[in-house]
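Chemist: The following comprises the amino acid sequence and a computationally predicted model.
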Amino acid sequence: MTAPARPLPESGAHGDALDSNLWPLTDRFLERLQAARGASEHTVRAYGRDLSDLVGFLAQRGVTEPRSVTPRALRAWLGDLNDRELSKATIQRRLSAARTFLKELVLEGLLDANPALGLRQRRSSRHLPGVLSIEEVERILLAPDPTTIQGLRDRAILEVMYSAGTRASETVGLDRGSLDLGRGVARVLGKGRKERLVAIGRFAVSALNDYLSDPKRPKPLTAAGDAIFLSRTGTRLTTRSLENIVARHVSAAGVHRKATPHTLRHSFATHLLDRGADLRSVQELLGHENLVTTQIYTHVSVKRLAEIYEKSHPRA
């Protein structure tokens with residue numbers, strides 16, 4: 001397997017990447033991450049960017065060997081990240097990537113101990129996810145033009161994401177063989193390449209049938225495999241294309257705030273909880289490993305209930 005391409009450090013962060021014996025070690029780490037651990041392409045790219053930033057910073061300061069990486073050098077890197085006013089979440093992610101990479105070097109015998117273990121990880125504040133109202137979602141779902149093949153495709157995409165709560169990568173990764181429209185279920189490949197079944201509601205089933213049965217649907221190229229959602233040229237849609245599709249129809253629906261594929265997923269979860277679904281079921285539908293991750297949606301629901309109470313109760 002070819003090692004993933006190494007991203008350069010961020011523009012203006014610390015100049016061009018310098019020679020360092022850590023570069024081939026990061027390439028090997030990324031290759032193993034993809035091959036042995038089944039990490040997604042998105043995850044590998046994110047690790048690559050974070051480790052590129054680290055190794056470039058260290059190389060500029062003459063730290064080019066594994067055993068030269070010290071807690072002091074890593075603290076200087078964290079200070080530089082803070083000076084660049086990166087978000088807490090970004091700094092946390094980069095420190096986590098450094099810890100994982102340096103742990104691998106310890107296991108390979110290239111380091112005696114992980115120099116990142118003693119560093120304090122900055123805790124990111126948990127922001128409540130953006131959630132659309134049911135009325136806003138319905139306007140977005142009706143925005144695509146059903147008289148065109150792209151409109152049929154886009155309506156099917158939007159219906160599936162809101163019906164099943166799928167991530168962007170899971171949506172574009174759907175194949176014909178993963179659908180059972182008769183039973184109203186689909187098999188998706190989530191984070192860590194873990195499969196799960198999701199529910200496809202009757203509106204989404206109808207939209208999928210309309211799109212898949214239309215003779216104007218592009219013929220998939222060989223590289224697209226059995227992909228459901230295709231570009232005009234027959235290639236599998238990318239997550240970036242999906243983001244653009246959602247943004248276009250959000251605007252067309254007259255929803256005057258930012259909404260992304262993940263916003264539809266957030267809205268799916270919150271609307272389920274608002275209508276009485278239990279947290280464990282929503283956890284399964286979202287594919288969350290940890291219930292704590294799902295619990296943030298209960299805060300959203302409680303917040304909305306409080307707003308309704310404040311507006312409606314005579315003695316609130």
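Modeler: Looks like it arrived, so ask away.
Chemist: Hmm, Ala186 and Asp180 touching each other?
Modeler: Yes. With contacts counted by CB atoms under 8 Å, Asp180 reaches Ala186, the gap being 7.1 Å. Placement of C-beta: from N, CA and C, glycine included.
Chemist: what about those two, which has more around it?
Modeler: Using other CB atoms under 10 Å as the criterion, Asp180 and Ala186 rank with Ala186 on top: 26 against 13.
Chemist: so where do the helices sit in the stretch 101-250 of the chain?
Modeler: With DSSP state H, counting those that start in this stretch as the criterion, the stretch 101-250 of the chain has helices at 134-141, 149-164, 168-172, 202-212, 239-252.
Chemist: among those helices, which is nearest Thr100?
Modeler: Nearest to Thr100 among those is helix 168-172 (20.9 Å), distances taken as CB to CB.
Chemist: mean confidence score for that closest one?
Modeler: Averaging pLDDT along helix 168-172 gives 94.
Chemist: next one: stretch 36-45
Modeler: Throughout stretch 36-45, pLDDT has a mean value of 80.
Chemist: Check stretch 285-298 too.
Modeler: 76.
Chemist: what's the closest of the helices of the stretch 101-250 of the chain to Leu279?
Modeler: Closest to Leu279 of those is helix 149-164 (CB to CB; 17.9 Å).
Chemist: For stretch 146-160, which residues meet the burial criterion?
Modeler: Neighbour counts over stretch 146-160 (16 or more other CB atoms under 10 Å) mark Ile149, Gly151, Leu152, Arg153, Asp154, Arg155, Ala156, Ile157, Leu158, Glu159, Val160 as buried.
Chemist: And for that stretch, what's in contact with it?
Modeler: By CB atoms under 8 Å, 6 or more residues apart in numbering, the residues outside stretch 146-160 that reach it are 140-141, 143-145, 166, 171, 174, 186, 200-201, 203-204, 207-208, 210-212, 214, 216-218, 228-230, 232, 242, 245-246, 249, 264.
Chemist: repeat for stretch 95-104
Modeler: By CB under 8 Å, 6+ apart, stretch 95-104 touches 25-26, 29, 32, 46-47, 50-51, 54, 69, 74, 77-78, 111, 114-117, 119, 121-122.
Chemist: Just the buried ones out of those, please.
Modeler: 25-26, 29, 46-47, 50-51, 54, 69, 74, 77-78, 111, 114-116, 119.
Chemist: How many residues are close by the closest residue to Val55 other than its chain neighbours?
Modeler: Counting by CB to CB, 6 or more residues apart in numbering, Val55 lies nearest to Leu22, which is 4.6 Å off, once chain neighbours are set aside. Residues within reach of Leu22, counting by other CB under 10 Å, total 24.
Chemist: picking that back up, could you tell me which of the buried ones among the contacts of stretch 95-104 belong to helices?
Modeler: Leu25, Thr26, Phe29, Ala46, Tyr47, Asp50, Leu51, Leu54, Leu74, Trp77, Leu78 (DSSP state H).
Chemist: residues touching the fourth one, list them.
Modeler: It refers to Ala46. Contact partners of Ala46, counting by CB under 8 Å, 6+ apart, are Arg93, Ala97.
Chemist: Which one of the buried residues of stretch 146-160 is nearest to Ala224?
Modeler: Arg153 (13.3 Å).
Chemist: Let me have the helices of the stretch 101-250 of the chain in TSV, extended by distance to Arg280.
Modeler: Formatted as TSV, those follow (distance: least, CB to CB, whole Å):
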stretch	distance to Arg280
helix 134-141	23
helix 149-164	17
helix 168-172	20
helix 202-212	23
helix 239-252	28
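Chemist: closest to Glu284 out of those?
Modeler: Checking the helices of the stretch 101-250 of the chain against Glu284 by CB to CB gives helix 149-164 as the closest, at 12.0 Å.
Chemist: for that closest one, what is the average pLDDT?
Modeler: Mean predicted confidence for helix 149-164 is 97.
Chemist: repeat for stretch 219-236
Modeler: The model assigns stretch 219-236 a mean pLDDT of 93.
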